[in-house]
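build me a model:
(one chain, ligands or ions: 1)
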Amino acid sequence: MAALLSRPCFISLHMPYRKGWAQDLANTFCFQPVAVRETSRVRQLALRRGSAIFLVNERLVPGPAGASSRDFLYDVDPRPTLGTASNVCFEVDDVPGLCKRLQSRGCSLPVPPTEVRDDGGSVTYGVASSVVGNISHTLLDRSRYRGPFLPGFQPIQRAPLATGDGIKITHFDHITYVCPRGGARAALDWYQRCFGFRRFLLNPQERPAEGYVLGGQGAGMLLLALQSAQGAPTHGCKLILAESLSKDGTNQVDTFLEQHGGAGIQHVGLRTTDIVTTTRALQQRGARFFTPPATYYSQGGKAEEIRVAGQDPHRLAELGILLDTTAPGDKGRPGTDAAEGPSQEYLMQIFTHPLFSEETFFLELIDRRGAPGFGEGNIQALWKAVQVYMDQQQ
Ligand SMILES: O=C(O)C(=O)Cc1ccc(O)cc1
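Below you'll find the predicted structure:
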């Protein structure tokens, strides 16, 4: 099947009335405001770091009647009105063609192909609802546009308040969805059938028919992974579908479903080329990260694993950075970044606290040293750190 979509252009966040989270993203994470659109009811602000762009949508009027779907250009109203990351915009060559294809497969298209123009040229976009929770996808052709962001937005030219020296974020690495129980497989099929995404295996232990099943400590979770078929592997974005398998309904996936009011985007992985410097810089600016239990660094030969990878266990422990080494014999799978291929493959990760008031959306920094997957040990460590945090909140 021909490739239909390329890399994400932006991820849209919706903020309730009078929350300063857009400011936090700008100040703490040093995303630079590049363009803004303001009406009497909403403000839409595009913030960029590397090629990662968040479109932050704020309501300027309280209550559900304060804004409607038509107020959010290049997006739809995600409802509910709590903080949510609800739209992933992909660049597409042929918007009308893809919209037609989606309709013929029974997909709902809240915004049909639409042209928007200003002095910089024109774009065509449409919005499709996904089968997962409140997630939608804006499909955008901006090949005829020369402005800094999109028609309808005013560029912001003022000098940045802080340059964010040391914050090395290059692009969106992956987007992790929480699916309803029993819904991950249907979501996998939908993204393959409608958008031409390809499945890839997250871990050598993953059985294709089952997916990557993580157990232990009540963390029971199923993960399935996809990536867009087009674009250089280093910039193709991955989608991770997570589903709870836990019996007691207390893991972070269940917590997301409960506090978000249904399925949706749980976190976005931001690729960094230097996680140590970036984490330190962000911590100094006030970003808060989950720290794994101290035993993470002392048990099961982890310190040695970190040393063999060429990193300093004390430095990683001081910052709370997780490291996972990919098992050998794991090369050449889809998802592998071919350009990166040292004999020792590993990845490092760290997760922020939730960005909104609810235990829902958070960010991750991920530094891949040739490793395309996700470490089971790291996910378990994250799970334990979240559990400690939630216990402290009670
Ligand atoms: O490790 C990652 O970044 C993943 O995306 C895997 C994952 C999925 C769901 C979780 O609640 C925690 C981790």
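
interface residues of this structure facing the ligand?
Within reach of the ligand by CB under 6 Å from any ligand atom, the chain has these residues: 176, 223, 240, 242, 252, 253, 269, 364, 374, 379, 382. (Glycine included, C-beta is placed from N, CA and C.)

which of those fall in strands?
Counted as lying in strands by DSSP state E, out of those, are 176, 223, 240, 242, 269, 364.

can you select the buried ones from these in ChimeraX?
Selecting the buried subset of these in ChimeraX, with 16 or more other CB atoms under 10 Å as the burial test, is done by:
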select :176,223,240,242,269,364
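
which pair of the ones in strands among the residues of the chain next to the ligand spans the longest distance?
Farthest-apart pair in these is 223 and 364; separation 14.1 Å (CB to CB).

need the max-distance pair from the residues of the chain next to the ligand.
Spatial extent of the residues of the chain next to the ligand (CB to CB) is set by the pair 253 and 269 at 16.1 Å.

what sits against the residue in the stretch 251-394 of the chain positioned nearest to the ligand?
Here the stretch 251-394 of the chain gets closest to the ligand at one residue, residue 374, 4.0 Å apart by CB to the nearest ligand atom. Residues in contact with residue 374 (CB atoms under 8 Å, 6 or more residues apart in numbering) are 202, 203, 223, 240, 324, 347, 349.

quick one: the second one from residue 299, how far?
Spatial separation of residue 203 from residue 299 under the definition CB to CB, to the nearest Å is 20 Å.

and what of the fifth one?
As for residue 324, its distance to residue 299 is 14 Å (criterion: CB to CB).

assumed residue 133 was part of a strand.
No. Residue 133 is assigned coil when assessed by DSSP: H, G, I helix; E, B strand; the rest coil, not a strand.

show me what contacts it?
177, 178, 179, 180, 260, 262, 263, 264.

any chance of those in TSV, with secondary structure, distance to residue 144 and neighbour count too?
Listed next are the contacts of residue 133 as TSV, based on DSSP: H, G, I helix; E, B strand; the rest coil; distance: CB to CB, whole Å; neighbours: other CB atoms under 10 Å:
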residue	secondary structure	distance to residue 144	neighbour count
177	strand	31	25
178	strand	36	28
179	coil	36	25
180	coil	39	16
260	helix	37	25
262	coil	37	14
263	coil	35	26
264	strand	32	22
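
still on that earlier bit, who has more neighbours, residue 203 and residue 299?
Comparing residue 203 with residue 299 by other CB atoms under 10 Å, the one with more neighbours is residue 203, at 19 against 11.

pLDDT at that one, what is it?
On the pLDDT scale, residue 203 is placed at 79.

isn't it up against residue 373?
Yes. Between residue 203 and residue 373 there is a contact at 5.1 Å, judged by CB atoms under 8 Å.

roughly how far does residue 172 sit from residue 364?
11 Å.

tell me, what's touching these two both at once?
Both residue 172 and residue 364 are in contact with 268, 269, 270, where contact means CB under 8 Å, 6+ apart.

out of the residues you listed, the closest to residue 307 would be?
For the shared contacts of residue 172 and residue 364, the nearest to residue 307 is residue 269 (25.2 Å; CB to CB).

let me see the contact set for the residue nearest the centre of the chain.
Centroid-nearest residue in the chain: residue 268, 2.0 Å away (criterion: CA atoms, centre = their mean). Contacts here follow CB under 8 Å, 6+ apart; on that basis residue 268 touches 11, 85, 172, 174, 175, 176, 363, 364.
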